[in-house]
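Enquirer: the following block contains a protein sequence and its predicted model.
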There are 4 protein chains.
Amino acid sequence: MSTFGQFLRVTTYGESHCPSVGCIVDNFPPGVPVSEEMLQPQITRRRPGQSSITTPRNEADLVSIQSGVEGGLTLGTPIAMTVKNQDQRPGDYKGSTMKQYPRPSHADFTYLEKYGVRASSGGGRSSARETIGRVAAGALCEHYLKLAHGIEIVAWVSSVGNIHHIPPTPEYPATSHNPKFLDLISTVTRETVDKTVVRCPDPEVAAKMEQCIADFRDRQDSIGGTVTCVIRNVPTGLGEPVFDKLEASLAHAMLSIPATKGFEVGSGFEGTEIPGSSHNDMFIRNPVTEVDSRTGFAKPKLTTATNNSGGIQGGITNGAPIFFRVAFKPPATIGLPQQTVTFEGETDGVLENKGRHDPCVVPRAVPIVEAMASICILDALLMQGGRKMAARAL
Amino acid sequence: MSTFGQFLRVTTYGESHCPSVGCIVDNFPPGVPVSEEMLQPQITRRRPGQSSITTPRNEADLVSIQSGVEGGLTLGTPIAMTVKNQDQRPGDYKGSTMKQYPRPSHADFTYLEKYGVRASSGGGRSSARETIGRVAAGALCEHYLKLAHGIEIVAWVSSVGNIHHIPPTPEYPATSHNPKFLDLISTVTRETVDKTVVRCPDPEVAAKMEQCIADFRDRQDSIGGTVTCVIRNVPTGLGEPVFDKLEASLAHAMLSIPATKGFEVGSGFEGTEIPGSSHNDMFIRNPVTEVDSRTGFAKPKLTTATNNSGGIQGGITNGAPIFFRVAFKPPATIGLPQQTVTFEGETDGVLENKGRHDPCVVPRAVPIVEAMASICILDALLMQGGRKMAARAL
Amino acid sequence: MSTFGQFLRVTTYGESHCPSVGCIVDNFPPGVPVSEEMLQPQITRRRPGQSSITTPRNEADLVSIQSGVEGGLTLGTPIAMTVKNQDQRPGDYKGSTMKQYPRPSHADFTYLEKYGVRASSGGGRSSARETIGRVAAGALCEHYLKLAHGIEIVAWVSSVGNIHHIPPTPEYPATSHNPKFLDLISTVTRETVDKTVVRCPDPEVAAKMEQCIADFRDRQDSIGGTVTCVIRNVPTGLGEPVFDKLEASLAHAMLSIPATKGFEVGSGFEGTEIPGSSHNDMFIRNPVTEVDSRTGFAKPKLTTATNNSGGIQGGITNGAPIFFRVAFKPPATIGLPQQTVTFEGETDGVLENKGRHDPCVVPRAVPIVEAMASICILDALLMQGGRKMAARAL
Amino acid sequence: MSTFGQFLRVTTYGESHCPSVGCIVDNFPPGVPVSEEMLQPQITRRRPGQSSITTPRNEADLVSIQSGVEGGLTLGTPIAMTVKNQDQRPGDYKGSTMKQYPRPSHADFTYLEKYGVRASSGGGRSSARETIGRVAAGALCEHYLKLAHGIEIVAWVSSVGNIHHIPPTPEYPATSHNPKFLDLISTVTRETVDKTVVRCPDPEVAAKMEQCIADFRDRQDSIGGTVTCVIRNVPTGLGEPVFDKLEASLAHAMLSIPATKGFEVGSGFEGTEIPGSSHNDMFIRNPVTEVDSRTGFAKPKLTTATNNSGGIQGGITNGAPIFFRVAFKPPATIGLPQQTVTFEGETDGVLENKGRHDPCVVPRAVPIVEAMASICILDALLMQGGRKMAARAL
């Protein structure tokens, strides 16, 4: 399906080379001041052509609000947003042998198996351009979350290939125990993240990552990486057990981003290797407690001394920062020649891609991860809001 | 929400200590021969009390079909299934200090924050007993998948603590490249898996895992692990881009299981560290091609020489085996005393759990992972079936 | 599908002759005092065998809560409810020729066309017994609506055959203008409705209706009728444009009840024949205005002088009473012999039903209409509650 | 919500005076030849300014496909369609007193109560312009239904005020028994319907209806009417009991159209007054039986001698023509002065609308009814297709 969310529903449309891409955001809260200018920065952060280590396609990607906003305020009605596809240059693709041969590890073959037809050039619906609609919707959601609840969502590149920002150590086999990591998730901002083109908040590590990506680019090869994301100031009580536990929604959201291969929350895979006695997050008094009288959402009486849970227990937020990590594979489209066969399985051949493609997607994936996180959180917040309202009326 | 699935919809109900737990499965195919006897084995595999390394609670857990089946055939109407809660022994829990103190890393606190009330004993809705409904539903789904499409779903324990069945090696940094692993996913059966109580198909590794769990049990501590699952003979074309890519649905399904912290498909996190040129799965002719004339589902003309994609490309199955791995944290409930504070944040205290709990959940998680995988696949199959039928009518 | 509702979700299960029928109610508000005793009266009102003009089957129909309630309070988790099928007597049906011949205007034929199999006796899933789950769920919902918002839902029989309680007159061609009708919807209670077995609040008209039904019963024939329902004290702002306008949800809900053929709200079909100038509901000051500080739901500043809109404008409640009317056809199962052919179209035959069936369903439909109305309203209330909460946080 | 449909999902966006209106159609079948030219006629039929009895606003309303179609074939991906709002003339509205006073029986007041904000002019989201997206989506759906299954959907004006095309008679108290009506539903075409501007297929009755509307227009008043719709050649087995019975989905769809007040299917309200013995549709052999080997959809072995069921029994199609009737109230916006009070309930006043509005909506509602019917049927067809495919694989 092309809709995400239970109450807040984001529907995207668009292929790589159709007239426009975009989305409809349904059930967004009414009365929220918004403008295209507020939304543009995240769309621009997603855009290719930002540095020598991303694809040089220069897509202007200006978002246009079609509905749902009047006089600068949201109406509560569906907000449609479109971005024109300006820099299509389908010739770049056509010159290659992609049309006869399915590109390895790309969606050419499976789209044809599924639909019986497929877009003639580019990635069609599986293209990263589809994510523009997500980023537009996410920018809208995070704007509300910040304004109404002070929620902050920041993602960054935590690894490129085998270069890790904060790898596990003998002392801290679970990174979620590492004070350096805990400090980072408390303080990291988008400004810090954007200081390096690779979007890693540690300039030294970032330099290594950039060099790594440049090396793969020069070899016409590609490399993967991971993005870590933190969500701060989340009210308690978000997440809808049992099937829509917040980590389940986040995992769903993240694995729906092209090129993703994994998701882990809190202590993640590392957490499977440490004892329960050191993994458990002990409850302590919360130094700052507060109830919002308008909504009943609260900074609760308890917090935890550690945060291996990643801010979620039993599928429900406990008020601590939520953090998770997403794995992105090396991009499938590479310049190196690759042996393949035609769609019909008839002729062996060599595929050489001539298009402009990213040697590593993680820098540009950062705003997409933030967008999907924003949509998840706002959806969960609206559902819990309905429940809280129902309980308050008793 | 307590419903999973878009077309095939599974709704579960039940807490740890209410009269019964169970589920309603809606939109299951009609005309399928089913019986309680067919479904019972998976429910029994999930059951506690199966070995010295699982909790000694002996829950009979007999499934009873309430509706949707007549004369041994499904009617196409909702299939309700219930399992009575027979061995409740709430006293075991009451003797402990759990009621005054929220258990660390358990859902006691967050359920109270979310709902304002919570079940007085046991895990309530967050209890692993809720998964009985899932396993019943999953047993139904996998029965159809096997019967109609020969689809096989097998999960096993791939690690306990730091004991890994097939760890990454210098030669095979991505396990998805390792011939031993590729052989395993082609051949592993439930019979092999069940030969050891820990449910690892390699008896030597299994023995180490059992010892590890026994050690943690004896220390009144707990340990985590991972479960790997393979799905074989899946038709091409399953998965609903962009938001319901098959890996996104699987991730959602898996992260909705209690105690999960991570999910990875195909090459997963390891795949982020290898070059695209070795990660890409080259297309080759499929030695066996076949079209099912009744449905149009096919063994396609192409397959891939490698399978780092884990059987899914662009969110859609390509016919190769699907495999993924799920991380389970160490169980939160341990016998060791833990410092905590009351729900009201008023009194420090020490929590000592007296209940019967698993020192490691992965052996019993195996059928739950299989169940959620079955539900995902059948849901995707029914949706693609509708699309194929629509295209055939043209 | 067997699930109704967007946020509050009711899933029913069960056929006429399976072990039990029931439902799961998901997302019901937490902390609400409920008991089986509270829910039983509506289920008993739906029960057959209540009078000489309903079917003499005596089904005890005792509701049992399986989950979601502890210590007399709802937990916010799914509430499963079951009613055992005690009085099955399938022999009654088997003696007839129903198995060989599809019953005219019943669902025997279409269920077989849809599913390829069908329940061997009784109506299977299309049986009125399925509505027990709805009535249990509805009783739960109306209990909350009354407790938290003082909302009252009352339905009654407004016509049997051509005997109408308040027919259109030359002076009041639209009944929604008729002062007698407007007085009725302001004052009618379930106690008044239940004073007659036919459930029409006017004893004189009720006597005629009863005689009419008795006549059709004696002739082994059947007759239809209509049920009118009013919902009072509804907050403004309920209903989710554009596709889930409240009247659209109500129409969906009502037409999902077996044997229904029509729905009209406010002035309805009669309203199509009067000029806009007399149909428009003029705004006036609301003598009683009030804002609930806990929820923001309000008795608004404006009300209308008339109520042809039936309390809904643009798909959203305006605070005036909601009223609508539902058409029920004459029951398909009659004792009179009917010419038919076998399922295979091979043999002509005569169908003579021997089972116990209602000559007119409207008296027993009253609690079913109330139930579906309750579910609709609570679903709309929870969604609007989420929106209000979101707007309050700004 | 702004999405309709379970599997085929139509999401609309747009208010009366925003940059564009439109929709996204998700899960439309792939490989279907479509073009903007194919879709335009229904959008043009919906357009105002078509005759002296509709509003003189001349909206060009050219549909533009944004995505999901390439090389003239649908890709199976979301099809976004937009229509620019060209003839906004908000001045027409601003000159009136609408901004200070809520228009009686319009959605001004309830939108403000619901959202706390509202569009400053025109009907905002409740404007009939929102239906453009529905008509575009419906045109797409009916194109597939015709092409793949020969399904025909035709609606027409069956009454204006008290002028009825085929009123009940003493001989035929239920119109569904009237041979003239049965002949009409078998033969009526859009060409016949469009021969008169009022869209009633009987020229004599049409002339009376036109005169009636002209009279109300001249008086600056308005009048209601009904639209009847027939769907022919529908396969058996469509409709998803119990909550998504086909008549329930149709009722939902129809009551979501602005200005609707009622829905009836088959014998409808009239059917409540005739005995079961004459209401029941007797089964007979179907003279033409046929199974589509590609899909399994069939012209079945049985049909019915009469069709009081309106082609649906137990919520499932039986292969006979589906027909239903929809009630439209007199338009709320009239030129006659109306007493009202301000939104704040502070000042009495007189509202005089100066905008261009329809004195009767039914002629323009015809393509909207057809559109919503098309969407319902295709959604049901795709769901049943998935089920049939699942059953075939056994």
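Expert: Here it is on my side, so go on.
Enquirer: contacts and neighbour counts: CA atoms only from here.
Expert: Fine.
Enquirer: residues in chain A within reach of chain C, list them.
Expert: Proximity of chain A to chain C is confined to A:7, A:27, A:29-32, A:147-149, A:294-295, A:382-387, A:389-394 under the rule CA under 8 Å from any CA of the partner chain.
Enquirer: of those, just the buried ones, PyMOL syntax please.
Expert: The PyMOL selection below is limited to those of the residues of chain A next to chain C classed as buried (16 or more other CA atoms under 10 Å in any protein chain shown):
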select buried, chain A and resi 7+27+29+30+31+32+149+294+295+382+383+384+385+386+387+389+390+391+392+393+394
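Enquirer: which non-adjacent residue is nearest the residue of the stretch 1-150 of chain A at minimum distance from chain B?
Expert: Proximity of the stretch 1-150 of chain A to chain B (CA to the nearest CA) peaks at A:K114, 4.0 Å away. Excluding its sequence neighbours, the residue lying closest to A:K114 (CA to CA, 6 or more residues apart in numbering or on different chains) is B:G237, at 4.0 Å.
Enquirer: test my guess that A:Y13 contacts A:S2.
Expert: Yes. Checked against CA atoms under 8 Å, the pair A:Y13 and A:S2 is within contact range at 7.3 Å.
Enquirer: looking at the two, which is more packed in?
Expert: Comparing A:Y13 with A:S2 by other CA atoms under 10 Å in any protein chain shown, the one with more neighbours is A:Y13, at 31 against 22.
Enquirer: contacting residues for the more buried one?
Expert: For A:Y13, the contacting residues are A:2, A:21-23, A:130, A:133, D:24, D:67-68, D:77-80, by CA atoms under 8 Å, 6 or more residues apart in numbering or on different chains.
Enquirer: partners of it in the sheet?
Expert: A:Y13 has these beta-bridge partners by DSSP bridges: A:G22.
Enquirer: ok so, going back, how about the residue of the stretch 1-150 of chain A closest to chain B, secondary structure?
Expert: Classification of A:K114 by DSSP: H, G, I helix; E, B strand; the rest coil places it in helix.
Enquirer: rewinding a little: neighbour-wise, give me the winner out of the contacts of A:Y13.
Expert: Within those, D:I24 tops the neighbour count with 32 neighbours, counted by other CA under 10 Å.
Enquirer: confirm that one sits in a strand?
Expert: Yes. Applying three-state DSSP, one finds D:I24 inside a strand.
Enquirer: now it. Nearest residue, chain neighbours left out?
Expert: Leaving aside its sequence neighbours, D:I24 sits nearest to D:A80 (CA to CA, 6+ apart; 4.2 Å).
Enquirer: tell me if the longest helix along chain A is near chain D.
Expert: Counting by DSSP state H, the longest helix found in chain A is helix A:362-392. No. Remark: helix A:362-392 sits outside contact range of chain D, by CA under 8 Å from any CA, the gap being at least 13.9 Å.
Enquirer: now do that helix, average pLDDT.
Expert: For helix A:362-392, mean pLDDT is 96.
Enquirer: now do stretch A:116-132
Expert: If you average the pLDDT over stretch A:116-132, you get 86.
Enquirer: now swap in stretch A:170-179 and tell me
Expert: Computed over stretch A:170-179, the average pLDDT equals 96.
Enquirer: contacting residues around it?
Expert: A:166-169, A:181-182, A:266-267, A:270-271, A:274, A:306-308, A:310.
Enquirer: contacts only, for the residue of the stretch 251-394 of chain A found nearest chain C.
Expert: For the stretch 251-394 of chain A and chain C, the shortest gap (CA to the nearest CA) falls at A:G386, measuring 3.5 Å. Neighbouring residues of A:G386 by CA under 8 Å, 6+ apart: C:382-387, C:389.
Enquirer: helix, strand, or coil at A:R199?
Expert: Of the three states, A:R199 takes coil under three-state DSSP.
Enquirer: wait, it touches A:V361, no?
Expert: No. Contact status for A:R199 versus A:V361: not in contact, 11.3 Å apart, counting by CA under 8 Å.
Enquirer: what does the stretch 51-200 of chain A put close to chain D?
Expert: Residues of the stretch 51-200 of chain A lying near chain D (CA under 8 Å from any CA): A:66-68, A:70, A:75-80, A:115-120, A:125.
Enquirer: so where's the stretch 101-250 of chain A shaky on pLDDT?
Expert: Scanning the stretch 101-250 of chain A for pLDDT under 70 picks out the ranges A:121-122.
Enquirer: what segments of it are helices?
Expert: Remark: helices assigned in the stretch 101-250 of chain A by DSSP state H, counting those that start in this stretch are A:108-115, A:131-149, A:179-187, A:190-193, A:203-218, A:246-255.
Enquirer: most tightly packed of those?
Expert: Ranked by mean neighbour count, those are led by helix A:246-255 with a mean of 31 (mean count of other CA atoms under 10 Å in any protein chain shown).
Enquirer: is any residue of the helix or strand just after that helix near chain B?
Expert: Heading C-terminal from helix A:246-255, the first helix or strand you meet, by DSSP states H and E, is strand A:260-265. Yes. Among the residues of strand A:260-265, A:261-265 lie within reach of chain B under CA under 8 Å from any CA.
Enquirer: A:D61 belongs to a helix, doesn't it?
Expert: No. Counting by three-state DSSP, A:D61 falls outside a helix, being coil.
Enquirer: quick one on the thing from earlier: closest to chain C out of the contacts of A:Y13?
Expert: D:I24 (14.1 Å).
Enquirer: ok, that closest one touching D:G68?
Expert: No. In this structure, D:I24 is not within contact of D:G68 by CA under 8 Å, at 9.6 Å.
Enquirer: what residues are shared contacts of those two?
Expert: Residues touching both D:I24 and D:G68 by CA under 8 Å, 6+ apart: A:13, D:78-80.
Enquirer: just the residues you listed: which are in helices?
Expert: Per DSSP H, these never map to helices.
Enquirer: how far does stretch A:336-351 sit from the chain's center?
Expert: Distance of stretch A:336-351 from the chain centroid (CA atoms, centre = their mean, to the nearest Å) equals 33 Å.
Enquirer: what's in contact with that stretch?
Expert: Contacts for stretch A:336-351 (CA under 8 Å, 6+ apart): A:96-98, A:100-104, A:109, A:219-221, A:352-353, B:277, B:282-286, B:301-302.
Enquirer: which of the residues you listed count as buried?
Expert: With burial judged by 16+ other CA under 10 Å, the buried subset of the contacts of stretch A:336-351 is A:97-98, A:101-104, A:109, A:220-221, A:352-353, B:277, B:282-286, B:301-302.
Enquirer: quick check: the gap between A:G296 and chain D.
Expert: Distance of A:G296 to chain D, given as CA to the nearest CA, to the nearest Å: 20 Å.
Enquirer: what about the nearest residue to that residue once chain neighbours are set aside, how many neighbours?
Expert: Closest residue in space to A:G296, ignoring its immediate chain neighbours: A:K388 at 7.2 Å, by CA to CA, 6+ apart. Number of residues near A:K388 (other CA under 10 Å) recorded here: 25.
Enquirer: next step: the residues of the stretch 51-200 of chain A next to chain D restricted to strands.
Expert: When DSSP state E is applied, these are split such that A:70, A:79-80 fall in strands.
Enquirer: once you drop chain neighbours, what's closest to A:Y111?
Expert: What sits nearest to A:Y111 in space, not counting adjacent residues and going by CA to CA, 6+ apart, is A:R118, at 6.2 Å.
Enquirer: and the one you found, what does it touch?
Expert: By CA under 8 Å, 6+ apart, the residues touching A:R118 are A:108, A:111-112, A:124, D:75.
Enquirer: can we see that at 10 Å?
Expert: Residues counted as contacts of A:R118 (CA atoms under 10 Å, 6 or more residues apart in numbering or on different chains) are A:107-112, A:124-125, D:30-31, D:68-70, D:73-77.
Enquirer: could you check how far it is from B:T317?
Expert: A:R118 sits 16 Å away from B:T317, going by CA to CA, to the nearest Å.
Enquirer: tell me where the model's unsure across the stretch 251-394 of chain A.
Expert: Scanning the stretch 251-394 of chain A for pLDDT under 70 picks out A:354-356.
Enquirer: redo the ones in strands among the residues of the stretch 51-200 of chain A next to chain D as JSON lines? Include pLDDT and distance to B:G345.
Expert: What follows is those, written out as JSON lines (pLDDT from 0 to 100; distance: CA to CA, whole Å):
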{"residue": "A:E70", "pLDDT": "94", "distance to B:G345": "46"}
{"residue": "A:I79", "pLDDT": "98", "distance to B:G345": "43"}
{"residue": "A:A80", "pLDDT": "98", "distance to B:G345": "46"}
